[in-house]
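Trainee: build the 3D model from these lines:
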Amino acid sequence: MVFGIGEGKIKLELNTHDVTAGGKLSGKLKLELKAPKKAKELRVELIGEQRQGRSGKTKKVVIYQFKQVLGGEQEYSGGEYEFELQAPPISEVGQHLGGAAGLALGAARLLGAIHPVEYYIVGTLDLPMSMDINKKVQIAVI
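Mentor: Numbers count the residues shown, from 1 in each chain. Take a look at the predicted model:
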């Protein structure tokens, strides 16, 4: 295989795709490999990204990251790994503002000045000197 392409895959099974701010999300990472692989780490992360910038020139910025290491440096041959991740608290989600502040935030979003935060669960088998094996699933933090 060239640079690790096609050497395996990760599946993520989540208990839900909607989690409340500050709540916990659990699931299972299923690792399927064609042959045993020496890896630096097996991990799962909850990542929040937001587009920032002005009209036409935006970039994605990570504004929240919660990482759980499922296994350290070792040889992996596959298997199932359970995990539990912490969603950001309400203050970091910033969607639950009331009154004038909530109205101002809503207007700014409508005008495109503030982009919504997109949340993902990412499972990764970190392979040295090869392309990592990973899976990314979008979720909603409400």
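Trainee: sketch out the low-pLDDT regions of this structure for me.
Mentor: Low-confidence segments of the chain, defined by pLDDT under 70: 1-5, 55, 91-113.
Trainee: hey, where'd the strands end up in the protein?
Mentor: Remark: strands assigned in the chain by DSSP state E are 8-14, 18-19, 24-39, 41-54, 57-71, 74-86, 117-126, 133-141.
Trainee: mind putting those in CSV, mean neighbour count included?
Mentor: In this view, the C-beta of every residue, glycine as well, is placed from N, C-alpha and C. Shown next, in CSV, are those (neighbours: other C-beta atoms under 10 Å):
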stretch, mean neighbour count
strand 8-14, 16
strand 18-19, 17
strand 24-39, 16
strand 41-54, 17
strand 57-71, 13
strand 74-86, 14
strand 117-126, 20
strand 133-141, 17
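Trainee: from residue 52, how far out is residue 67?
Mentor: Distance, residue 67 to residue 52, by C-beta to C-beta, to the nearest Å: 22 Å.
Trainee: ok, now residue 22?
Mentor: For residue 22 relative to residue 52 (C-beta to C-beta), the value is 24 Å.
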